[in-house]
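# How does the following fold in three dimensions:
(one chain, ligands or ions: 1)
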Amino acid sequence: MENLHTASHENVVELKGIHKKYILKHALRGIDLTVQRGRIIGLLGPNGSGKSTLLKMMAGLVYPTSGSILVNGREPDVRNKQHVAYLPEIDHLYGWMTVKQTLAYISNFYTDWQEEKAASMLAAMELDGNQKVRNLSKGMRARLKLIAALSRNVPLVLLDEPFSGIDPSSRAKIIRLILQEFQSDEQTIVLSTHSVNESEPMFDEVIFLQQGRVRIFDTAENLRSEYGCSLEKIWEKVYG
Ligand SMILES: Nc1ncnc2c1ncn2[C@@H]1O[C@H](COP(=O)(O)OP(=O)(O)OP(=O)(O)O)[C@@H](O)[C@H]1O
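As a prediction, this is how the structure comes out:
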């Protein structure tokens, strides 16, 4: 059997003609997308444009209504979490655990957990390991969720709004940490955010979603030279 942890595909995600219809909403309307290894990709778009749905689909939690999706060369299913780290938008932590207990608990599920990395990020994020999760501020919980996702040694890391609740000065620090921890030779990060300005230095490529369609997908460099401005200004032009 193929070893999920060592499986390494140049195209980490391949989507062809993807539609997702919820009962009352056609959330994704024909997405064709190839995500290559070794990139940090910004998934941008206004509320309701389909960012979370797309990330959940890559995580194997939401299935397409039609179209095909391959993650690391296979259709996502329940085993997907063994080779994909997913930071959900919702808070999935237990309030009664301490920070350290939380990380120890999560580490039990994954053979690819990197203990040293978790410990060094805990220090860098200035989190007290003995504090109860229920007593953490929103921003501190967001940091803990990020440590949980980035401590895994997996080819694909999906981060849904990782900066929500984190103050702007801390965001810059956390972005530096993501860049520092990113294993560019073997990993890919797809990250949705509304914090375009602070996140810009991180992105190799950017996807602009609009009403369930890919409006733009290009390298950040190409976009800046084509539009002659920052990604945030491009955002204003695209969605303004
Ligand atoms: N489980 C669901 N059932 C029904 N409709 C849903 C469900 N999840 C999402 N939707 C709808 O699908 C559309 C896309 O939602 P999605 O959460 O993917 O967007 P988003 O870009 O992540 O938005 P936000 O920036 O507000 O988080 C929205 O209209 C939303 O209401």
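
# Now stretch 47-58: buried residues?
If you call a residue buried by 16 or more other C-beta atoms under 10 Å, then stretch 47-58 has these buried ones: S49, G50, K51, S52, T53, L54, L55, K56, M57, M58. The way it works is simple: take the backbone N, C-alpha and C, and place the C-beta from them, glycine included.

# Pick out the most distant pair among those.
Among the buried residues of stretch 47-58, the pair separated by the greatest distance (C-beta to C-beta) is S49 and M58, at 15.7 Å.

# near the ligand, which residues of this protein show up?
Y22, K25, A27, G45, N47, G48, S49, G50, K51, S52, T53 (C-beta under 6 Å from any ligand atom).

# Turn the buried residues of stretch 47-58 into TSV, including secondary structure and distance to D185.
Supplementary listing: those in TSV, determined by DSSP: H, G, I helix; E, B strand; the rest coil; distance: C-beta to C-beta, whole Å:
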residue	secondary structure	distance to D185
S49	coil	31
G50	coil	30
K51	helix	27
S52	helix	29
T53	helix	30
L54	helix	25
L55	helix	23
K56	helix	27
M57	helix	26
M58	helix	21
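
# Quick check: which helices or strands does the lowest-mean-pLDDT helix or strand in the chain pack against?
One helix or strand of the chain scores below all others by mean pLDDT, DSSP states H and E: helix 168-181, with a mean of 85. The contact analysis (3 or more C-beta pairs under 8 Å, 6 or more residues apart in numbering; DSSP states H and E) places helix 168-181 against helix 115-124, helix 138-150, helix 196-199.

# That helix: how far from the chain's middle?
Relative to its parent chain, helix 168-181 has a centroid offset of 14 Å by C-alpha atoms, centre = their mean, to the nearest Å.

# Stretch 217-227 too?
Here stretch 217-227 is found 21 Å from its chain centre; the criterion is C-alpha atoms, centre = their mean.

# Spell out for me which residue occupies the centre of this protein.
Centroid-nearest residue in the chain: L159, 2.1 Å away (criterion: C-alpha atoms, centre = their mean).

# May I ask which two of the residues of the chain next to the ligand are separated the most?
Farthest pair in those, by C-beta to C-beta: Y22 and G45, 16.9 Å.

# Which one's more surrounded, these two?
Using other C-beta atoms under 10 Å, the more surrounded residue of Y22 and G45 is G45, with 23 against 11.

# Over to that one: give its phi and psi.
phi 160, psi 150 (degrees, to the nearest 10).
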